[in-house]
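> Pasting a predicted model and its sequence here:
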Amino acid sequence: MQSTHAAWPVSAFEHYMLADDRPDFAMTCFVRCRFAGHFDRLRFESAWREAVVRHPMTRALVRGPRWGRRRDLVWYLDPNAAFPAVRWRSANPGVRPGSFPSDPRRGTGFLLWLDELPEETELLFQFHHAVCDGAGVFGFLEDLLLAYDHAGAGGGMTPRVLDPTRFERRDTIGLDAAELKARLPLDVEETRKFFRVLPAPVRRPKHRPAGLDRAPDLAAIVRRVLSEEDLRALSAAGKRRGATLNDALLRDFFLALDDWNGAQAPGAPRPSLRLAMPMDLRLPDDSAMSAANLVSMVFLTRSARELADRDVLLASIAAETARAKRHRMGITLIRVVRALGAWFAALVLFFRLPLCSASAVLTNLGRPFSGSGLLDAEGRVRSGSTRLLWLESIPPLRRRTRVAVSVNTYGGKLRLTLHYDSTVFGAEHAEEMLERYLVRLRQTARI
């Protein structure tokens with residue numbers, strides 16, 4: 001198993017997340033899950049320890065300077081370090097989750113807050129994005145719940161069989177040297193396209209209240225849920241136009257942000273917008289990989305003129321995302337950060353440039369736990385006597401990327417969670433922005 005390894009190299013994307021980390025905009029992520037019922041504490045702690053041992057990144061530390069070259073950085077398991085613990089909120093009533101960032105250079109970059117409510121239980125995973133991505137956390141959670149279920153009186157299901165060789169090859173992104181050479185022209189052109197148009201951040205609100213945070217709240221969010229009826233209509237609307245649900249989500253997010261920008265500066269020229277879309281680079285046999293980071297970013301940029309016709313906009317997005325999937329365009333970013341990471345301080349300095357790399361982020365987690373043995377006949381996750389009611393993720397923000405929306409489909413409903421820069425927006429601004437997004441989505445669903 002991977003857990004026996006004393007040390008292993010830092011991958012290109014992991015280096016990116018470490019280099020882009022900063023005190024005011026930490027690369028700290030959250031995944032929140034709300035369950036009906038309560039977990040048995042001793043049984044849960046045992047399952048937690050079993051899952052952590054099976055997923056070594058959850059207890060790994062980073063050795064080496066963040067400003068250094070990638071080859072100077074290494075993950076390692078410190079036998080003297082504290083084992084990642086479950087933080088039961090009842091025992092830590094004065095500590096607010098998210099009040100401090102995760103930092104795998106100083107301690108575990110992965111922890112769990114557990115809050116027991118009168119009839120429900122909330123699990124809040126807090127982790128550094130260098131440790132793993134959303135898919136990695138859901139794989140960890142599945143193993144945790146399987147181990148908990150297996151420890152019950154009836155035996156239950158056993159955790160998944162993991163293949164350590166997949167983890168060891170995570171930085172190869174499934175391509176050999178010849179394949180990387182063959183796609184070099186594609187990656188060079190994609191990089192040129194990125195710098196050809198510089199987007200603008202989402203505009204500051206016209207009326208800013210006093211008392212905004214001096215430092216961003218790592219988990220400042222607002223949320224909404226689309227009904228099963230709206231979700232079906234939205235999916236059907238996209239299919240009628242040869243687009244996916246994700247294409248419709250991207251198109252309407254562009255339009256909602258443009259609506260917001262126009263409302264903050266009426267009559268002023270509308271700036272170009274860019275959405276960053278996380279792309280999972282896992283291949284089919286990577287399903288047996290332990291929790292890790294195998295994600296990248298694809299960038300979609302549109303001018304105000306290109307946003308004018310919603311049908312043409314949707315067609316262009318559908319064509320671009322289809323190409324991105326076909327050519328695994330997330331590899332371009334990996335190659336760029338890999339090249340920069342070969343030089344001392346180059347990656348950190350690049351992320352200090354006063355540029356807006358993306359106006360906003362839209363991450364679609366799809367249908368978490370799809371195909372899992374934990375799903376019941378209603379499509380809900382069950383473990384022991386508990387049942388998963390809903391879940392959401394909170395991606396990190398960068399200085400000029402002021403908004404990030406996370407979407408997932410579970411229990412037949414579409415949940416949208418908007419993470420906002422609390423030094424720029426108040427909660428009321430974030431609510432208005434998300435409401436504009438829902439207006440656009442419901443308009444699409446009813447056309």
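That came in fine, so what should we check first?
> could you pull out the helices for the stretch 51-200 of the chain?
For the stretch 51-200 of the chain, the helices defined by DSSP state H, counting those that start in this stretch cover 134-150, 164-168, 177-182, 184-196.
> ranking the ones you listed by mean pLDDT, which is last?
Among the helices of the stretch 51-200 of the chain, helix 164-168 carries the lowest mean pLDDT, at a mean of 89.
> Export that helix to PDB, keeping only CA atoms.
Only the C-alpha atoms of helix 164-168 are listed here, as PDB (Å, rounded to 0.1, in the frame of the first residue of the first chain):
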ATOM      1  CA  PRO A 164      -1.000   1.800  -5.200                       C
ATOM      2  CA  THR A 165       0.600   2.000  -8.700                       C
ATOM      3  CA  ARG A 166      -2.000   4.400  -9.800                       C
ATOM      4  CA  PHE A 167      -1.100   6.800  -7.100                       C
ATOM      5  CA  GLU A 168       2.600   6.600  -7.900                       C
END
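> Return the distance of that helix from the chain's centre.
22 Å (C-alpha atoms, centre = their mean, to the nearest Å).
> That helix: which residues count as buried?
164, 166, 167 (16 or more other C-beta atoms under 10 Å). In short, each C-beta sits where N, CA and C put it, glycine included.
> how about the residue lying closest to residue 244 once chain neighbours are set aside, what does it touch?
Nearest non-adjacent residue to residue 244, counting by C-beta to C-beta, 6 or more residues apart in numbering: residue 238, 5.7 Å away. Residues near residue 238 by C-beta atoms under 8 Å, 6 or more residues apart in numbering: 244, 245, 247, 248, 314, 444.
> ends of stretch 6-14, how far apart?
When the termini of stretch 6-14 are compared using C-alpha to C-alpha, to the nearest Å, they are 18 Å apart.
> and what of stretch 194-213?
32 Å.
> any low-confidence regions in the stretch 51-200 of the chain?
For the stretch 51-200 of the chain, the stretches flagged by pLDDT under 70 are 90-99, 153-156.
> before we move on, the earlier item: name the SS class of the residue nearest to residue 244, please.
Of the three states, residue 238 takes helix according to DSSP: H, G, I helix; E, B strand; the rest coil.
> Quick check: pLDDT value at it.
pLDDT recorded at residue 238 is 93.
> any idea how far it lies from residue 247?
6 Å (C-beta to C-beta, to the nearest Å).
> again with residue 233
With C-beta to C-beta as the criterion, residue 233 and residue 247 are 15 Å apart.
> More neighbours: which of the two?
residue 247 (22 against 18; other C-beta atoms under 10 Å).
> That one contacts residue 316, correct?
No - Residue 247 lies out of contact with residue 316 (C-beta atoms under 8 Å); the separation is 9.7 Å.
> so residue 223, which of the three states?
Relying on three-state DSSP, one would call residue 223 strand.
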